[in-house]
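Peer 1: one predicted model, sequence on top.
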Amino acid sequence: MKVRFFITLLIILLATVQPVQHASAASQVAENKQQAVEIAQQQFSGRVLSVKRQGDSYRVKILNSRGDVRIIKVKAAETRQSNPNSR
């Protein structure tokens, strides 16, 4: 009896989980996090959950009105940090 209950509960939980959807905004380049958010929101409207720089791109996580989480990858502009003391 307990096993049947847990299996049913597991099936219900798995059926209600929303998958994370990935997208890319590779054609546009962002200079900073704010631009990355603007570019991502041009493709998908919703609440921004987080923005993180990962290597050569920004990862923008957006929650839409249906409850789906989308992760949009926006290419970051190359930034050069020069150190005047290095020679």
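Peer 2: Structure received. Residues are numbered from 1 along each chain as shown.
Peer 1: so where is the protein shaky, pLDDT-wise?
Peer 2: Along the chain, the parts satisfying pLDDT under 70 run over 13-26, 79-87.
Peer 1: ranges for the helices of it?
Peer 2: For the chain, the helices defined by DSSP state H cover 2-16, 33-43.
Peer 1: determine which stretch of the ones you listed is the most buried.
Peer 2: helix 33-43 (a mean of 17; mean count of other C-beta atoms under 10 Å). (Glycine included, C-beta is placed from N, CA and C.)
Peer 1: tell me which strands and helices that one is in contact with?
Peer 2: strand 21-30, strand 47-54, strand 57-63, strand 69-76 (3 or more C-beta pairs under 8 Å, 6 or more residues apart in numbering; DSSP states H and E).
Peer 1: switch the ones you listed over to a markdown table; also include mean neighbour count and distance to Val3.
Peer 2: Below are these laid out as a markdown table (neighbours: other C-beta atoms under 10 Å; distance: least, C-beta to C-beta, whole Å):
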| stretch | mean neighbour count | distance to Val3 |
| --- | --- | --- |
| strand 21-30 | 14 | 34 |
| strand 47-54 | 12 | 37 |
| strand 57-63 | 20 | 35 |
| strand 69-76 | 19 | 32 |
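Peer 1: which residues are in contact with Arg4?
Peer 2: Not one residue lies near Arg4 by C-beta atoms under 8 Å, 6 or more residues apart in numbering.
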